[in-house]
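Asks: what would the 3D arrangement of this be:
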Amino acid sequence: MRQRGLLFPSPVVMLSIIAVAMAAIAFVATRGGEPTEREITPVAEPSSSAAPSPTASAPTTSAPAKPRKPAVKRGDVYVEVYNNSGISGLAGRVADRATTVGWSVVGSDNWYGTIPTSTVYFPKRLERAAKLLARDLGVKRTQPAVSGMREDRLTLVLTGELD
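Replies: Presented below is the predicted three-dimensional model:
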């Protein structure tokens, strides 16, 4: 005796087909667009309303030399390196390179977002260190840190191989 019936695919197979279809649609919908980046507007610092007024009896002497800022000590600055490209292992290789030069690399991982070009992001107090790290690694762009980034370290986001 033969039994005839209809066999339905399992729910896992159906969900897999739907997931692949959604991924294909997302890929087609997002490719080809120009990368965009959030514009960060810094908050203006309050200015002092009690500005000292020049006095007529002040002697005309040359201003004392501005004290020189201490050199950046690479080993005292923490650095995180993120890969925002399709190049496997890029963040790890650049992290090793930064460590070799003397930076304290504390982590490397993948970055999810859109960055137009490789960038060193810095909190205000580490701007000089960011410029030095960029120079050491051949990164051409530095920017103030955006919300969500740690304020005690530099964040390097890579979009491709460095020179």
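Asks: where does the protein dip in pLDDT?
Replies: Across the chain, the ranges flagged by pLDDT under 70 are 1-9, 31-63.
Asks: in it, where's the longest helix?
Replies: In the chain, assigned by DSSP state H, the helix with the most residues is helix 11-30.
Asks: could I have whichever helix or strand comes after that helix exported to PDB, CA atoms only?
Replies: Counting by DSSP states H and E, the element after helix 11-30 in chain order, helix or strand, is strand 78-83. Backbone C-alpha positions of strand 78-83 (Å, rounded to 0.1, in the frame of the first residue of the first chain) are rendered in PDB as follows:
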ATOM      1  CA  TYR A  78      47.200  53.100  25.100                       C
ATOM      2  CA  VAL A  79      46.100  52.300  21.600                       C
ATOM      3  CA  GLU A  80      43.300  50.200  20.200                       C
ATOM      4  CA  VAL A  81      43.400  49.000  16.600                       C
ATOM      5  CA  TYR A  82      40.300  48.200  14.600                       C
ATOM      6  CA  ASN A  83      39.900  46.700  11.100                       C
END
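Asks: neighbouring strands of strand 78-83 in the sheet, and parallel or not?
Replies: When pairs are called by DSSP bridges, strand 78-83 turns out to pair with strand 104-110 (parallel), strand 153-158 (parallel).
Asks: hey, which of the ones you listed is tucked in deepest?
Replies: Across these, averaging neighbours per residue (mean count of other CB atoms under 10 Å) puts strand 153-158 on top, at a mean of 25. Placement of C-beta: from N, CA and C, glycine included.
Asks: mind checking which of the strands paired with strand 78-83 is nearest residue 20?
Replies: Of all these, it is strand 104-110 that lies closest to residue 20, at 21.9 Å by CB to CB.
Asks: the helix or strand following that closest one pairs with which strands?
Replies: The helix or strand immediately downstream of strand 104-110 is strand 119-122, counting by DSSP H and E. Strand partners for strand 119-122, identified by DSSP bridges, are recorded as strand 141-144 (parallel), strand 153-158 (antiparallel).
Asks: export those to TSV and tack on distance to residue 103?
Replies: Compiled in TSV, the strands paired with strand 119-122 are given as follows (distance: least, CB to CB, whole Å):
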stretch	distance to residue 103
strand 141-144	15
strand 153-158	8
